[in-house]
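Engineer: here is a sequence together with a model predicted from it:
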Amino acid sequence: MFFLELVSALFEKLRPKGGANRGRSRTRAVGDKAEDFALVFLRQKCRFRVIDRNMQDEEGELDLVGRIRGNEGLVVVEVRSRKEGGLITPREAVDIHKQRQVVETAQRILRRKGYHDVLRFDVVGVYLNESGEPIKAEHFPDAFDRAVLRRR
């Protein structure tokens with residue numbers, strides 16, 4: 001019994017403190033910062049108007065959904081972050097598997113919510129410094145489309 005109490009006490013010491021972040025992974029916290037950074041970037045660069053964030057169902061999640069002035073229909077934005085100077089760029093991290101997942105998730109969730117607009121799929125790559133803070137972003141409009149579902 002003593003061993004279990006010792007292990008339990010050790011885990012309690014290692015558990016992150018703080019209400020909002022308690023139980024959340026560091027990766028998720030960095031991802032949230034990258035999404036916030038991407039949203040500010042898109043609002044300034046494209047006059048992006050957010051409709052919803054982190055729309056999710058049992059099978060997937062959409063980072064940002066909104067409208068961009070001058071574009072017909074909804075824009076679904078996949079946000080990816082990577083350390084600056086890493087092996088792959090944030091854009092490269094959105095591989096064909098992820099593209100398919102985003103398209104399928106968008107079709108499912110947006111249909112359920114009653115959206116039937118033309119869809120565009122963008123990627124925003126966010127670069128992080130060594131401490132994991134966002135420092136710059138790149139926007140890739142129309143990065144992929146529904147045709148990824150046919151490419152198997």
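Structural biologist: Structure's in. What do you need?

Engineer: need the strands for this structure, in chain order.
Structural biologist: 48-56, 61-68, 74-83, 119-128, 134-144 (DSSP state E).

Engineer: orientation of the longest one relative to strand 61-68 in degrees?
Structural biologist: In this case it means strand 134-144. Going by axes from the mean of the first three to the mean of the last three CA atoms, to 10 degrees, strand 134-144 is angled at 80 degrees with respect to strand 61-68.

Engineer: return the residues in contact with the closest residue to residue 54 other than its chain neighbours.
Structural biologist: Ranked by CB to CB, 6 or more residues apart in numbering and with sequence neighbours excluded, the top spatial neighbour of residue 54 is residue 61, at 6.0 Å. For glycine as for every other residue, the C-beta is placed from the backbone atoms N, C-alpha and C. By CB atoms under 8 Å, 6 or more residues apart in numbering, the residues touching residue 61 are 54, 55, 105.

Engineer: now the first one: how far from residue 40?
Structural biologist: When distances are taken as CB to CB, to the nearest Å, residue 54 and residue 40 turn out to be 16 Å apart.

Engineer: so which of the strands of the chain comes closest to residue 112?
Structural biologist: strand 48-56 (9.7 Å; CB to CB).

Engineer: need the contacts of residue 61 in JSON lines with pLDDT, neighbour count and distance to residue 32, can you?
Structural biologist: Shown next, in JSON lines, are the contacts of residue 61 (pLDDT from 0 to 100; neighbours: other CB atoms under 10 Å; distance: CB to CB, whole Å):
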{"residue": "54", "pLDDT": "94", "neighbour count": "12", "distance to residue 32": "9"}
{"residue": "55", "pLDDT": "94", "neighbour count": "19", "distance to residue 32": "15"}
{"residue": "105", "pLDDT": "96", "neighbour count": "18", "distance to residue 32": "19"}
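
Engineer: no further questions, thank you.
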